[in-house]
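J.: pasting the sequence and the predicted model now:
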Amino acid sequence: MAQSVITLDGPAGSGKGTIAHRVATALGWHMLDSGALYRLVAFDAISKDIALDDEPALTELARSLEVEFVANDSGATDIVLHEKKVTLDIRTEECGCAASEVAACSAVRAALLERQRDFLQSPGLVADGRDMGTVVFPDAIVKVYLTASAEVRAGRRQKQLKEQGHDAKMSGLVRDIQERDARDMGRKDSPLKPADDALIIDTDQLSIDEVVDKVLTLVNSRLKLK
Ligand code: C5P
């Protein structure tokens, strides 16, 4: 069963979420958006005026997070935290940066580990994040690491934010992305890096369809060999 996992890791804006959704839909598998869990801890902390370096309080929040991922009528997923819908609230740049601060705390990561593994249910799971292939699902049947230049990723982020009704300048987005990359790649616990056995795909020049095709081709060849 541990093998029925596809991991998609990579930096902010590399397209993991979109690709994971498309691949999961094509296979009829479940999905884990692990970044949402770190965003939820950060959002909960900010709402409760808890400092983003208060490790004991953050760990307690991570342990007691009451969250539900509910499929809605339009095929998307609503995220409900302590009975309040926060789907869009956690998608802001501020919350993404706060999530990356919270994610540097090892005790928070440990508190979220089993919760992430619990998402693995039959027939399989597509998990996206930063350490899915290296730490959370090291036995995954397919591991993919998506990259793209900071400028391309900032452009995608700007478009995504606009669709959600938020305005953001390119210069600020590139800076945020570079800061987040540095923090995610430089932290001691579970840093962002490709697993040794990951397929690395540079998405700068590729459309979403092309990336999805590459991932599905790899998945199908591995599933046949199983
Ligand atoms: O993917 P997303 O932008 O939602 O992730 C927000 C932050 O959560 C990342 O910048 C990263 O610091 C953290 N994260 C992590 N490990 C994961 C997923 C996300 O550290 N598996």
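T.: Ah, there it is.

J.: test my guess that residue 178 contacts residue 153.
T.: No: counting by C-beta atoms under 8 Å, residue 178 does not reach residue 153; the two are 9.8 Å apart. No exception for glycine: its C-beta is placed from N, CA and C like everyone else's.

J.: the two: which is more packed in?
T.: For the pair residue 178 and residue 153, the greater number of neighbours falls to residue 153 (26 against 15), based on other C-beta atoms under 10 Å.

J.: pretty sure residue 98 sits in a helix.
T.: Yes: assigned with DSSP: H, G, I helix; E, B strand; the rest coil, residue 98 falls within a helix.

J.: around it, how many other residues sit close by?
T.: Using other C-beta under 10 Å: residue 98 sits among 20 other residues.

J.: the nearest residue to it once chain neighbours are set aside: how many residues sit nearby?
T.: Nearest-residue entry for residue 98: residue 42, 3.8 Å, with adjacent residues in sequence omitted and distances by C-beta to C-beta, 6 or more residues apart in numbering. Neighbour count of residue 42, defined by other C-beta under 10 Å: 26.

J.: now swap in the one 10 residues further on and tell me
T.: The local packing of residue 52 (other C-beta under 10 Å) involves 19 other residues.

J.: I'd guess residue 11 is in a strand, am I close?
T.: No: Residue 11 is assigned coil when assessed by three-state DSSP, not a strand.

J.: for the remainder of this discussion, apply numbering that starts at 22.
T.: Let's use 22 as the start, then, which means that last one is residue 32.

J.: which residues touch the residue nearest to residue 119?
T.: 73, 111, 116, 119, 120, 122, 123 (C-beta atoms under 8 Å, 6 or more residues apart in numbering).

J.: any chance of the backbone angles for the first one?
T.: When you say that, I think you mean residue 73. phi -80, psi 0 (degrees, to the nearest 10).

J.: and the nearest residue to it once chain neighbours are set aside, how close does it get to the ligand?
T.: The shortest distance from residue 73 to any non-neighbouring residue, by C-beta to C-beta, 6+ apart, is to residue 122 (4.4 Å). For residue 122, the distance to the ligand equals 8 Å [C-beta to the nearest ligand atom, to the nearest Å].

J.: count of residues packed around residue 122?
T.: 17.

J.: test my guess that it contacts residue 72.
T.: No: with contact defined as C-beta under 8 Å, residue 122 does not count as touching residue 72 (9.8 Å).

J.: which positions in stretch 167-177 come out as buried?
T.: Within stretch 167-177, the residues that qualify as buried are 167, 168, 169, 171, 173, 174, 175, 176, 177, counting by 16 or more other C-beta atoms under 10 Å.
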